[in-house]
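# how would this look folded up:
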Amino acid sequence: MLRSEINGHVDSGTVVLWDTMGELSPAYELAQAAFVGGSLAPVGGQNFLEPLTCGLKPIIGPYWSNFFWVGREIIDQKLVIQVNNWQELSEVLLEKLSQPLQREQTKDAVIDYVRNRQGGTGQACNVIVDFLQK
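Numbers count the residues shown, from 1 in each chain. Alright, predicted model coming up:
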C-alpha cells in the first residue's frame, strides 16, 4: 500500500511503498528490511546511508552512482546489500524477513566504519601546510 493513502493502523506484514517526504527515519526504525529505490534502473539511487543510522542494512540495486563517493567498501563489508535485479531483490527481502534483526550490532559496525575513515581533512591540511612552508 502507498504511504500517502494510509490514514490509520496498518496490519503487521503489510508492504508499504513510502511515497512521502521526510518520514523515512521513523519508517526505518520500524522496518525489518528495506530496499532503497532509484537503484534498479540507471537513475543514480537514493540515500542508502539513512537506514544504516537506524541499524537497518539496506538493499540496493546496481545503479547507485549518486553515492559512489561512499565507496564500494560499504558493500564489501556487508553493511549494504547490493542486488542485480528485482528477482534477486525479492529473494533477499524474503530472506531478511525470516532472520532476526541485529540493529545494535549494525549501528556499532557503522560507527566503526565511519571512525576508520575520519581524519582525511586534517591529513590534507597538514600536507598543504608542509608544502606552503617549503
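# most centrally placed residue in the protein?
Centre of the chain computed as the mean C-alpha position; nearest residue by C-alpha atoms, centre = their mean is Phe48, 2.6 Å away.
# which ones are touching it?
Neighbouring residues of Phe48 by C-beta atoms under 8 Å, 6 or more residues apart in numbering: 36, 39, 58, 60, 64, 67, 80. (Glycine included, C-beta is placed from N, CA and C.)
# Report how many residues lie close to the first one.
Close neighbours of Val36, defined as other C-beta atoms under 10 Å, add up to 21.
# correct me, but it touches Leu49?
No - contact criterion C-beta atoms under 8 Å: Val36 and Leu49 do not qualify, at 9.2 Å.
# Check which helix or strand Leu93 maps to.
Using DSSP states H and E, Leu93 sits within helix 86-97.
# any idea how far Leu52 lies from Phe35?
14 Å (C-beta to C-beta, to the nearest Å).
# hey, what's in contact with both of these two?
In contact with both Leu52 and Phe35: Pro58, using C-beta under 8 Å, 6+ apart.
# And Leu17, how close does it get to Gln133?
57 Å.
# Look at those two and report which has more neighbours.
Here Leu17 and Gln133 are compared on neighbour count by other C-beta under 10 Å; more neighbours surround Leu17, at 11 against 6.
# hey, what's the more buried one bridged with?
For Leu17, the residues forming beta bridges with it (DSSP bridges) are Leu2.
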